[in-house]
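1. Any chance you can model this:
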Amino acid sequence: MSLFRLIIQEMQHRKINFLLGLASVVIAVTCLIAALTLLQADEIQTTFILEKKAEEVKEAGAQLEDAMRKITKGLGFNILILPANQDLNEFHLTGIVSGTMPEENVKILAESKIVTVNHLLPMVAKKISWPEKKCDVILTGTRGEVPILHRALKKPLQQQVPKGTMIAGYQIQKKLGLKSGDQTQMMGKNFKVTLCYPERGTADDSTVWINLEEAQELLGMQNLVNAILALECNCETEDRVAQIRDDVGKILPGTQIIERGPPALARAEARNQAHASAVASLEQEKANRLQMIERHADFAAVLVPLVVLGCGAWIGFLSLENVRRRATEIGVLRAIGLRSIQVFGIFIIKAFMIGVIGALIGYFLGYGIGIFWGNLPESVNPEEALFSARWLLLSLIFAPVLASLSSWIPALLAARQDPATILQEG
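-> This is a model prediction of the structure:
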């Protein structure tokens, strides 16, 4: 009779012993694979959740950028770059800039690598008496915005005032009866009124705007400007103005920086805070998910070895009990010529077969537990995502080795028994 046939008959004859051993292997493999599969499910969930959070942060960033575009468009220029010789106390009292600086400063700033400001607009502004109208006005000369060369071209916040044209503030057009299309004269030069601004409730209501070059000529300020208007970028630094002062100061030493309209920037700050909160939420979610995975891994690192050791001990006990109960049968087999190595092989091969069968059953049970309790997103196919040929191979190696090692000592005891002694005792 072949060794393999003896093993099959022995398993059929002692079904309870075989099933108990098989159950031990199945439990060990099921616990191992279920733990690995659930950890894999946790990682998939984490990836999915973090991707969703990242999309929310990206969307919040896009909304912030859009909101900032709208806010800054309505806010207009909010950074004033003033000459070094400008008395700020005088400026705050009168609202008029009396100091001057070279118009070349605009070109220098535009050709720099500055990133904290944008939309540069040089200007001259002076309170004058309009001789033809016998009216005091603020004469402002502007030109088209000077683009910062390393930036993409943006839509200007303020359109250029062409030569020979004039824009009138609300109080000026109301007091003098000006309207769009009128021809007027200022300091001996003819202008066409192209636009009359609605009431703004600021000094703009008493201002007239003309082309920068013409204003410089009328005021005797050729190649000079009183100020450079700019728009701060949506920086996330705690002190934006200090950063702008530092950046501009390196390029245009001695200039002074003033921020205008802080209340209007409150919404921008709120948007920045919302974006920062979204980023913080993403980082917190990432930390929480990693902490949860670590807890599950720590639990599995304790549970699985305990189950494996318990199942190994149980298989060893069953094998030892099997050897004791089959002592007479072993003696007969040895008496009819079965060698020690063959007796040893009967127990080891049987244990190996139990390990292979238990590995297959245990893997798919553990895999099923992972699918059922993995709680994967609906967009993920759990059967496909959680199946692992590597873990199946691991089971087919781990379980037979566990069962064989657990049966090693009982198999050695069986192989070393003296048949004469066994039969005599029987």
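2. Now do the buried residues in stretch 341-358.
-> Residues of stretch 341-358 classed as buried under the neighbour-count rule (16 or more other C-beta atoms under 10 Å) are 343-358. Where you see a C-beta, it was placed from the backbone N, CA and C, and this is true even at glycine.
3. Name the nearest of those residues relative to Leu176.
-> Using C-beta to C-beta, Gly358 is the member of the buried residues of stretch 341-358 that sits closest to Leu176, with 100.6 Å.
4. what sits against that closest one?
-> Gly358 makes contact with Leu22, Ala23, Ser24, Val25, Val26, Ala28, Val29, Ala399, Ala403 under the criterion C-beta atoms under 8 Å, 6 or more residues apart in numbering.
5. repeat for Asn288
-> If a contact means C-beta under 8 Å, 6+ apart, then Asn288 has no contacts.
6. What segments of this structure are helices?
-> Remark: helices assigned in the chain by DSSP state H are 3-13, 15-75, 88-94, 104-110, 170-176, 212-219, 240-251, 266-325, 327-335, 340-373, 382-386, 389-406, 408-415, 419-425.
7. so which of those comes closest to Val124?
-> Among those, helix 212-219 comes nearest to Val124, with 5.1 Å by C-beta to C-beta.
8. Show me the contact partners of stretch 195-215.
-> Contacts of stretch 195-215 with the rest of the structure, by C-beta under 8 Å, 6+ apart, involve 95, 122-125, 130, 136-143, 160-173, 178-180, 186, 189, 191, 218, 221, 225.
9. Restrict it to CA atoms and write it as CSV.
-> Provided in CSV are the C-alpha atoms of stretch 195-215 (Å, rounded to 0.1, in the frame of the first residue of the first chain):
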residue,chain,number,x,y,z
LEU,A,195,-16.8,110.0,-18.9
CYS,A,196,-18.4,111.3,-15.8
TYR,A,197,-18.0,109.0,-12.7
PRO,A,198,-21.0,108.4,-10.4
GLU,A,199,-20.7,109.6,-6.8
ARG,A,200,-18.1,107.7,-4.8
GLY,A,201,-18.1,109.7,-1.6
THR,A,202,-14.3,110.2,-1.8
ALA,A,203,-11.8,112.7,-3.1
ASP,A,204,-12.5,111.2,-6.5
ASP,A,205,-15.7,113.2,-6.6
SER,A,206,-13.6,116.4,-6.8
THR,A,207,-11.0,115.0,-9.3
VAL,A,208,-10.5,115.3,-13.0
TRP,A,209,-8.3,112.7,-14.9
ILE,A,210,-6.3,113.4,-18.0
ASN,A,211,-3.4,111.7,-19.7
LEU,A,212,-0.2,111.4,-17.7
GLU,A,213,2.0,113.1,-20.3
GLU,A,214,-0.4,116.0,-20.7
ALA,A,215,-0.7,116.4,-16.9
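10. pLDDT on that stretch, on average?
-> Stretch 195-215 comes out with an average pLDDT of 91.
11. swap in stretch 414-425?
-> Mean per-residue pLDDT for stretch 414-425: 60.
12. ok, the buried residues of stretch 341-358 vs Leu306, which is closest?
-> Of all the buried residues of stretch 341-358, Leu306 sits closest to Gly358, with 17.8 Å by C-beta to C-beta.
13. Just give the closest residue to that closest one, not the sequence neighbours.
-> Of all residues not flanking Gly358 in the chain, Val25 sits nearest, at 2.7 Å (C-beta to C-beta, 6 or more residues apart in numbering).
14. Mind checking the helices of the chain for the one nearest to Ile257?
-> That would be helix 240-251 among the helices of the chain, by C-beta to C-beta, at 4.5 Å.
15. what is the mean pLDDT for that closest one?
-> Averaged over helix 240-251, pLDDT sits at 84.
16. Export only the CA atoms of that helix, formatted as CSV.
-> Output of helix 240-251 as CSV, limited to C-alpha atoms (Å, rounded to 0.1, in the frame of the first residue of the first chain):
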residue,chain,number,x,y,z
ARG,A,240,1.6,91.5,3.9
VAL,A,241,2.5,95.2,4.0
ALA,A,242,5.8,94.5,5.7
GLN,A,243,6.6,92.0,3.0
ILE,A,244,5.7,94.4,0.2
ARG,A,245,7.7,97.2,1.8
ASP,A,246,10.7,94.8,2.0
ASP,A,247,10.3,93.7,-1.6
VAL,A,248,9.8,97.2,-3.1
GLY,A,249,12.5,98.7,-0.9
LYS,A,250,15.1,96.3,-2.4
ILE,A,251,14.1,97.4,-5.9
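17. For that helix, enumerate the helices and strands it packs against.
-> Helix 240-251 sits against helix 104-110, strand 117-130, strand 227-232, strand 256-259, with contacts defined as 3 or more C-beta pairs under 8 Å, 6 or more residues apart in numbering; DSSP states H and E.
18. That helix: which residues count as buried?
-> For helix 240-251, a neighbour-count test (16+ other C-beta under 10 Å) marks Arg240, Gln243, Ile244, Arg245, Asp247, Val248 as buried.
19. Surely Pro131 and Met187 touch.
-> Yes - counting by C-beta atoms under 8 Å, Pro131 does reach Met187; the two are 6.3 Å apart.
20. List the residues that contact the residue most central in space within the chain.
-> Centroid check for the chain by C-alpha atoms, centre = their mean gives Ala54 as the closest residue, at 4.4 Å. The contact partners of Ala54, by C-beta under 8 Å, 6+ apart, come to Leu282.
21. That'll do, ta.
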